[in-house]
Structures are given as C-alpha cells and as structure tokens.
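Q: only the shape, not the letters, is given here:
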C-alpha cells in the first residue's frame with residue numbers, strides 16, 4: 001500500500017511540476033541551464049518550479065555538466081537541486097541517449113527533489129545536437145539507480161494547458 005501511495009504522490013508531484021514549469025528564455029538563442037526557482041525550493045506548487053538562465057560557456061556535454069554542477073549565477077534567485085559534492089564520474093552517448101554517471105551524493109535525492117534534479121539535467125543536456133534523451137545513474141548506488149529510464153525533454157509540459165486558447169490549436 002505504501003508503494004502505491006508513494007507512486008501516486010510522485011505522479012501528482014510530477015504532474016504539478018510539469019504543469020508549472022517556467023518558459024523563461026525559450027525564445028532566446030543559445031544554450032540554457034535549468035535550475036529550480038524559489039517556489040520549488042519552498043515546495044509552493046502554484047508557480048513555476050524550473051526556470052533557465054543563459055549558458056555562456058562551452059556548448060558540450062562536459063561544459064554543460066560543469067556549469068550545472070557549479071550552480072546558477074550568484075545574482076539570480078535560482079538554485080541547484082543537485083546535492084553539494086556531486087560529481088560526474090563519466091558519460092557516453094549511445095543511439096541518442098546520453099548516459100551520465102554521477103557520484104553517490106546524487107543518490108541522496110528522492111521524490112520530487114530527484115525529479116527536479118533529473119529534469120534540470122535533461123532539459124539542459126537535450127539541447128545538444130544528437131542528444132534525444134538522458135539516463136542518469138549513480139556510481140555504487142545499487143540496483144534502483146542502475147536501471148533508470150531514459151528521460152526526454154518532451155516528457156515535460158512547459159506550459160499550463162488550461163491557459164491555451166482555441167488559437168493555439
């Protein structure tokens with residue numbers, strides 16, 4: 001019963017997250033880094049949970065990962081959902097899926113915090129040519145992190161469907 005309740009809670013949180021994502025910077029050119037907003041940090045569910053900021057570094061897997069792990073610009077209200085001390089062990093691109101292996105600090109995440117971190121990585125990395133999906137695993141974290149599904153940017157709804165009008169169809 002607990003597993004079913006946890007699954008329902010996670011599904012509800014994911015649907016709230018995806019319905020409330022910010023579209024900040026979607027019209028701008030260049031790579032974007034995705035982070036959490038103050039509302040996500042405070043668990044407020046009626047405003048955007050994620051937002052992006054411009055990336056001015058190398059537009060490579062290593063460059064984007066390094067920038068994400070460094071955190072958002074200090075003058076922004078954004079925060080990183082990735083735990084301090086997390087490092088990238090390695091990555092490889094196979095058939096459009098970028099497999100990223102993190103250190104065990106990432107395994108401390110769970111629930112909505114894990115979802116937020118996963119999608120910050122996914123939304124950032126799928127901007128790269130040839131990266132259609134992201135699979136995040138954790139070095140030494142056991143079976144639960146070794147068989148994770150592939151995450152895709154199109155899995156995330158970047159607008160509230162209730163705000164659409166007939167002109168959008």
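A: Cool, got the structure. What you are looking at is a predicted structure, and each value in this text was computed from that prediction instead of being measured. Residues are numbered from 1 along each chain as shown.
Q: looking at it, residue 80 is touching residue 37, isn't it?
A: No: Residue 80 lies out of contact with residue 37 (CB atoms under 8 Å); the separation is 11.7 Å. From N, CA and C alone the C-beta is placed, and that goes for glycine too.
Q: which one of the two is surrounded by more residues?
A: Under the criterion of other CB atoms under 10 Å, the comparison of residue 80 against residue 37 puts residue 37 first, with 22 against 19.
Q: so the more buried one makes contact with residue 72?
A: No: with contacts counted by CB under 8 Å, residue 37 stays clear of residue 72, the gap being 10.1 Å.
Q: now the common contact residues for those two.
A: 78, 79 (CB atoms under 8 Å, 6 or more residues apart in numbering).
Q: low-confidence regions, the chain specifically.
A: Low-confidence segments of the chain, defined by pLDDT under 70, span residues 1-28, 39-47, 141-146, 157-169.
Q: what ranges do the strands span in this protein?
A: Listed from the start of the chain, the chain has strands (DSSP state E) covering 32-36, 50-54, 88-94, 97-102, 133-138.
Q: show residues contacting the longest one.
A: Outside of strand 88-94, the residues within contact range by CB under 8 Å, 6+ apart are 61-62, 65, 69, 98-103, 130-131, 139.
Q: also the first one?
A: Strand 32-36 is touched from outside by 25, 49-55, 64, 67-68, 71-72, 76, 78-81, 116, 119-121, 123-124, 127, with contacts defined as CB under 8 Å, 6+ apart.
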